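Colleague: Mind folding the following:
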Amino acid sequence: MNTEGDYIGALRHLVIPIAQEYQPELVLVALGFDSAYYDDLLEHGQGIKAHGYGHIMKILDDLWPNKILAILEGGYFSGSYTECAAMSVRGLRVCIKIFFFYVY
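Modeller: Sure thing, here's the model as predicted:
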């Protein structure tokens, strides 16, 4: 059904065990909010709420502290970008450097 629990379950039981085998020096997160709960393209009850993105980032940061590089991609519903991005950052315990790139 693509609920928040489904995403976190896949992360814990599939993605993380495979990633741990490689002992990564850097974990690159493509931080897109296409799966946001608030997106009108998803059916009711599907997707990840803003606090869920923070929870996912905390899980990753607990496993690989100071090795997370998140690239903000976007999503389909601009109304939730700010909240989802803010909660994602709150899940990290590191110094944040923000770079802005504009493509014309």
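Colleague: can you map out the helices along this protein?
Modeller: Here the chain has its helices, by DSSP state H, at 4-10, 16-22, 50-63, 81-90.
Colleague: L31 is nearest to which of the ones you listed?
Modeller: For the helices of the chain, proximity to L31 was assessed by CB to CB; helix 81-90 is nearest, at 5.9 Å. C-beta coordinates here come from the backbone N, C-alpha and C atoms, glycine included.
Colleague: pLDDT weak spots in this structure?
Modeller: Applying pLDDT under 70 to the chain flags the ranges 1, 37-45, 75-77, 94-104.
Colleague: about what we covered before: now the helices of the chain in CSV, with mean neighbour count and distance to A36?
Modeller: Shown next, in CSV, are those (neighbours: other CB atoms under 10 Å; distance: least, CB to CB, whole Å):
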stretch, mean neighbour count, distance to A36
helix 4-10, 14, 10
helix 16-22, 10, 22
helix 50-63, 19, 8
helix 81-90, 18, 6
